[in-house]
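Asker: Return atomic coordinates for the entry below.
(2 chains)
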Amino acid sequence: MLRYTVKRLGSLLASLVVASLVIFACIEVVPGDPASFMLGINAQPDTVAALREELGLNRAPHERYFAWVGGLVTGDFGTSYTYRSPVSEIVVERLAISLPLAIYALSLTILVAFPVGILAATRRGSLTDISVMATTQLGVAIPNFWFALLMVLIFAVKLRWFSAGGFPGWDAGFLAAVKALTLPAIALALPQASILARVMRSSLLDTLSEDYIRTARAKGLTGRQALRRHALRNALIPVLTIIGLQFSFLLAGAIIIENVFFLPGLGRLVFQAISQRDLIVVESVVMLLVFAVIIVNFLVDLAYAWVDPRLRSRT
Amino acid sequence: MNSIRKSAAAFALLALAAGGAWAAKADVTIGIQLEPPHLDPTSAAAGAIDQVLYSNVFEGLTRFGPDGSVGPGLAESWEISADGTAYTFNLRPSVKFHDGTDLEATDVVFSLDRARSEDSQNAQKALFSGIKSVEAIDPTTVVVTLNSPQGNFLFNMAWGDAVIVAPESIDDIKNNPVGTGAFRFSEWKRGDSITIVRNADYWGAAPALEQATFKFISEPTAAFSAMMAGDIDAFYSYPAPENLVQFEADPRFTVLAGNTEGETILAINNKMEPFGDVRVRKAVSMAIDRQAIIDGAMFGYGTPIGTHFAPHHPDYVDLTGNAPHDPEAAKALLAEAGYPDGFETTLKLPPPSYARRGGEIIAAQLREVGIETEISNLEWAQWLEQVFRGYDYGLTIVSHTEPMDIGIYARPKYYFQYDNPEFQELISALSVENDPAQRSAMLKDAQRTISEDYVNGFLFQLALTSVVDARLSGIWPDAPTQAVDLTGVSWTE
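Answerer: Model (predicted):
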């Protein structure tokens, strides 16, 4: 298990280095000058030059790359061009929404998908199975922003149970904050739960037709016991992979939902930073997201090994 | 903090004791489209900074009124020397900054010197370029000496970029603005909202509101549902004109349709062939049906213009007749200029909907006279790079939101590259002219010159449409500057 872990850590570091180079190179070729953007169309050239100097935009690219990476390693993400406050501070503020939202949505996803998937698999071909398949098909097909708008119209505009959006902050109280994240989390979870339920179902169907399940049943286990002790655990590998992907997606890809509910999350931060050419924020947040994805994959890898002992010994 | 809570509790009790009717609402939540990048109006062009802070938190020597007139601000009065080069400002006595320090003449000297210094990051540094020196005579008297007389100096000093800041607050001004206004900055939840609260030590009349929160919502559908769900009380510059009919029909809301200083133009690259030929530019102008653009792109909101000047200004001349919509005449002009079959050019569009929606309509109108346009949608940063600095475009659509900015036509390097020495002389003469009648005549001349030179396609004055809770009064319908002045806003019920 230790060798397996070390090996995974090594590839994790390599991925990070490559990612940092790719991100920096991409940002370098993006046209548009942050200083001109900030000062607008009436600014005088000497003002723009003064601002470029202050932002450190006149330094050579390799100097800026090493300054940036050096900062990242020591936890200094730099200072945002537009906000003029530390990027780490801004990112932490945004993470305080994006991370709980992703966890909330993922919890809903799992809570719905697991029972539904198992139910459908164990009653293959039944009316339950057919309606689960149909509903999840619909769940995958419905664009989540449309579903979000529908919920806003019903629960915020008509019934007034929820605000139409926004986030009161965690200092407004845990319940108020969770309430503000509820509609967005449901909107995010709908397609993910549909996908996951389908994966759960098909994966479980595969394992249920394996020889060892028949053997287990032959040895006298009930269907339920065989399911719990043998089938479920083996069916989890593809499910875990999907959950890992979903978490990364929910953390970084919630931007449309963030816009619908005007939530100040990471996705909107990146979107805004790109249009304002706040390059340092873009670089750092994208790097952070890459880091998060890599860490999640690393954890999923570890989870595989935990679920499937053969993976540990093989390496 | 504790004491604030206690006094708030005491206040609530008092309110209860006085009966329900007395407990009138004294806070307001205002929706605005964009979040300010930071909170220093003197070092960025972003209009959102002024929307939140101008005249609420920060004040200048002079200030804009709701109708765009310039009146006293921190300077209670002023005298102008006979030759027009020295302005003596008498500051109001006992004005305090929000940090408790007194406003003194030295703060004014500091603020103006900072704006015009070599390493200044003021986005409107040109406002201060005529200043020769700024001196504090005594704590409440400042003398500003100009290089030459400057007719619009008092006007310039009313801009958000010219507000008076406290020297000791500069280091942190971008996150913690310290001004002299009727509201003090309270909290900024980045990405979500900014809250300002009533300044108890304000020198002027206390505002009716105790607290105001500006919420940033750029998505049109989100703006609609936030308004409908009652999350916000007013949306300043509402982003989706297509919903306005619905709000107008709803008795809970009032729709304010006012003017802005935004001349929306189809800018023409005057140095790019074939636009060097005035006949071609005139043909472009005549191909355009302004009303169709206003109806189609702006849902009817907007006033047609025939030159680069705000129609609500007393010196405005209606020159829309110089280029009436006449595709046949436009075709004839093109043929005369040597383009009987038209030509191809680029039409580069920045993000605002006036440009994106207007662009499609204009492209169709130009096609009718034989001009084919290749449309590309650009982000602002790209637009600045390609169009504004790179001159790499044929046509573009932009709203010029700075007030009284006809002077940009005297800058030959400005992105539309109009180079007319006569016009440049006229503008330099105007800048030193102090006589109101003369100034008015010169401004009218300037408007005629650029209109008759067909420098750009002059489209319409951008309207300001805000949706407001019907019980809220005092929101400015017009935008003489990009400000949401809350000093006169109150709840009527």
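
Asker: tell me how far stretch B:193-213 is from the chain's mean position?
Answerer: 23 Å (Cα atoms, centre = their mean, to the nearest Å).

Asker: Now do that stretch, average pLDDT.
Answerer: Averaging pLDDT along stretch B:193-213 yields 95.

Asker: and what of stretch B:250-267?
Answerer: Here stretch B:250-267 scores 94 as its mean pLDDT.

Asker: State the number of residues packed around the closest residue to B:Ile265 other than its chain neighbours.
Answerer: Distance criterion Cβ to Cβ, 6 or more residues apart in numbering or on different chains; nearest residue to B:Ile265, sequence neighbours excluded, is B:Asn456 at 4.4 Å. Bear in mind the C-beta positions are built from the backbone N, C-alpha and C, glycine included. Other residues lying near B:Asn456 total 29 when counted by other Cβ atoms under 10 Å in any protein chain shown.

Asker: who touches A:Ile213 in this structure?
Answerer: A:Thr207, A:Ala226, A:His230, A:Ala231 (Cβ atoms under 8 Å, 6 or more residues apart in numbering or on different chains).

Asker: Which two of those residues have the greatest separation?
Answerer: Taking Cβ to Cβ as the measure, the contacts of A:Ile213 span a maximum distance of 10.0 Å, between A:Thr207 and A:Ala226.

Asker: Low-confidence regions, chain B specifically.
Answerer: Counting by pLDDT under 70, chain B has low-confidence residues at B:1-23.

Asker: quick one, helices of it?
Answerer: B:2-17, B:47-53, B:105-116, B:153-156, B:220-228, B:244-249, B:278-287, B:290-298, B:327-336, B:353-368, B:380-383, B:421-431, B:436-452 (DSSP state H).

Asker: Out of those, flag the one nearest A:Ser284.
Answerer: With distances scored as Cβ to Cβ, the stretch of the helices of chain B nearest to A:Ser284 is helix B:380-383 (18.3 Å).

Asker: contact partners of that closest one?
Answerer: A:31-34, A:36-37, A:275-277, B:348, B:350-351, B:396.

Asker: Which residues of the stretch 201-350 of chain B lie near chain A?
Answerer: B:215-219, B:221-222, B:225-226, B:228-231 (Cβ under 8 Å from any Cβ of the partner chain).

Asker: Taking those, tell me the two that lie furthest apart.
Answerer: B:Ser218 and B:Gly230 (19.8 Å).

Asker: out of the contacts of helix B:380-383, which one sits closest to B:Phe185?
Answerer: A:Gln276 (21.8 Å).

Asker: follow-up on the earlier one: with distance to B:Ile362 and neighbour count as extra columns, can I get the contacts of helix B:380-383 in JSON lines?
Answerer: Listed next are those as JSON lines, based on distance: Cβ to Cβ, whole Å; neighbours: other Cβ atoms under 10 Å in any protein chain shown:
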{"residue": "A:Pro31", "distance to B:Ile362": "25", "neighbour count": "13"}
{"residue": "A:Gly32", "distance to B:Ile362": "25", "neighbour count": "20"}
{"residue": "A:Asp33", "distance to B:Ile362": "28", "neighbour count": "19"}
{"residue": "A:Pro34", "distance to B:Ile362": "30", "neighbour count": "21"}
{"residue": "A:Ser36", "distance to B:Ile362": "26", "neighbour count": "23"}
{"residue": "A:Phe37", "distance to B:Ile362": "25", "neighbour count": "26"}
{"residue": "A:Ser275", "distance to B:Ile362": "24", "neighbour count": "15"}
{"residue": "A:Gln276", "distance to B:Ile362": "27", "neighbour count": "24"}
{"residue": "A:Arg277", "distance to B:Ile362": "27", "neighbour count": "27"}
{"residue": "B:Lys348", "distance to B:Ile362": "12", "neighbour count": "25"}
{"residue": "B:Pro350", "distance to B:Ile362": "14", "neighbour count": "22"}
{"residue": "B:Pro351", "distance to B:Ile362": "16", "neighbour count": "13"}
{"residue": "B:Thr396", "distance to B:Ile362": "11", "neighbour count": "26"}
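
Asker: in chain A, what secondary structure element scores lowest on mean pLDDT?
Answerer: helix A:309-314 (a mean of 67; mean pLDDT, DSSP states H and E).

Asker: returning to what we had before: check contacts around the residue nearest to B:Ile265.
Answerer: B:Ile265, B:Leu266, B:Ala267, B:Ile268, B:Arg281, B:His308, B:Phe416, B:Ile450.
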